[in-house]
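Colleague: Output the structure for:
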Amino acid sequence: MMNWIRIKSTFRNRRFVLFTLIFPLGTYWAMNNIAHSAGYNNFEFNTFAFVTAVIIGIAGNSVVTFSKKIADSLGFYRLQAQTSHYGFFSWLRDESLVNLFLNAVICLAVLLLALACGNVRLTSHLLLIITLLLILGLYLTGIGFFVAQVFDPKTISALAMPLSSGMGSLMIRWESFFNSNDTVIVILTAIQKFFPGYYLFLIIEKLNAQQSIAMELLAFIGTSLLLVIPFGLLFLSRKIKSA
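Modeller: Below is the predicted model of the structure:
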């Protein structure tokens, strides 16, 4: 019941609807029109466009909407954990499950538009990509939780656009769309190799070429696990301050 209330509350948030549903759908629609005009109507580009639109949505939801909810409620649930059986980790688990559901809704919305445009088909490859997108959403949810530990709710609201667009940009492999010899793209690509989104696009390329994706999957999982580093640093800094 509580999780359903959380979901309904999120859908009443106009910022969530605008930036994590309408904006990604608009992005996909624009990319679809550009692709048809330029003659890029193929499996690889259509999948890139689908993944890009979904990443924009889940980055906004996980890094901004989720982090603000956590920052708003953190103190209350820490206090409640001391006075009831509903512990802090139970609350965090429920919030993460709600966020996973919301990311799935974003993914489904873009998928339905892509299917309506006739650009993608439900295949085992597409289902694998959707699964990886939801895992990427969990990774970004972790980033959102970290943001909630560092910033207060007002700061998160003020930094909503930079946080959302910044994390989204790091997850989207721009080398797949632009000249890889450009200096900015070369620098950005070097940074992106530390994030799982980069390898998701490589997986799509390998699937399109019917090649093995084992190494890319390992890299995707490995870079996702790097999320423990910022949490470790945060834990150490707080332990030093409290000493």
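
Colleague: for this structure, longest helix please?
Modeller: helix 88-116 (DSSP state H).

Colleague: Which elements pack onto whatever helix or strand comes next after it?
Modeller: Downstream of helix 88-116, the first helix or strand assigned by DSSP states H and E is helix 124-150. Where contact means 3 or more CB pairs under 8 Å, 6 or more residues apart in numbering; DSSP states H and E, helix 124-150 is packed against helix 43-59, helix 66-83, helix 88-116, helix 160-171, helix 196-208, helix 214-225, helix 228-242. Quick note: C-beta positions are derived from backbone N, CA and C, even for glycine.

Colleague: Show residues contacting the helix or strand hosting Y28.
Modeller: Using DSSP H and E, Y28 falls within helix 23-38. Here helix 23-38 makes contact (CB atoms under 8 Å, 6 or more residues apart in numbering) with 40-41, 45-46, 49-50, 52-54, 56-57, 60, 106, 109-110, 113-114, 117, 119.

Colleague: Now the buried members of those residues.
Modeller: 40, 45-46, 49-50, 52-54, 56-57, 60, 106, 109-110, 113-114, 117, 119 (16 or more other CB atoms under 10 Å).

Colleague: hang on, the earlier thing: what is the orientation angle of the helix holding Y28 with helix 43-59?
Modeller: 160 degrees (axes from the mean of the first three to the mean of the last three CA atoms, to 10 degrees).

Colleague: Could you pull up the mean pLDDT of helix 23-38?
Modeller: Helix 23-38 comes out with an average pLDDT of 87.

Colleague: List the buried residues in it.
Modeller: 23-25, 27-29, 31-32, 35.

Colleague: go on, stretch 112-128?
Modeller: Across stretch 112-128, burial judged by 16+ other CB under 10 Å covers 113-114, 117, 119-120, 125-126.

Colleague: need those in TSV with pLDDT and distance to I135, can you?
Modeller: TSV is the format used below for these (pLDDT from 0 to 100; distance: CB to CB, whole Å):
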residue	pLDDT	distance to I135
L113	94	22
A114	93	20
C117	88	25
N119	83	23
V120	87	19
H125	92	16
L126	92	15
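
Colleague: Spatially, which two of those are the most separated?
Modeller: Spatially, the most separated pair among the buried residues of stretch 112-128 is L113 and H125, at 18.8 Å (CB to CB).

Colleague: how distant is stretch 20-30 from the center of its chain?
Modeller: 15 Å (CA atoms, centre = their mean, to the nearest Å).

Colleague: how about the CA coordinates for that stretch, as PDB?
Modeller: Provided in PDB are the C-alpha atoms of stretch 20-30 (Å, rounded to 0.1, in the frame of the first residue of the first chain):
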ATOM      1  CA  THR A  20      11.200  12.100 -17.300                       C
ATOM      2  CA  LEU A  21       8.300  11.200 -19.500                       C
ATOM      3  CA  ILE A  22       7.400  13.900 -22.000                       C
ATOM      4  CA  PHE A  23      10.900  15.100 -22.600                       C
ATOM      5  CA  PRO A  24      12.300  11.600 -23.400                       C
ATOM      6  CA  LEU A  25       9.400  10.900 -25.700                       C
ATOM      7  CA  GLY A  26       9.900  14.300 -27.500                       C
ATOM      8  CA  THR A  27      13.600  13.400 -27.800                       C
ATOM      9  CA  TYR A  28      12.900  10.100 -29.400                       C
ATOM     10  CA  TRP A  29      10.300  11.600 -31.700                       C
ATOM     11  CA  ALA A  30      12.900  14.300 -32.900                       C
END
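
Colleague: so where is the chain shaky, pLDDT-wise?
Modeller: Scanning the chain for pLDDT under 70 picks out 1-2, 75-88, 179, 238-239, 241-243.
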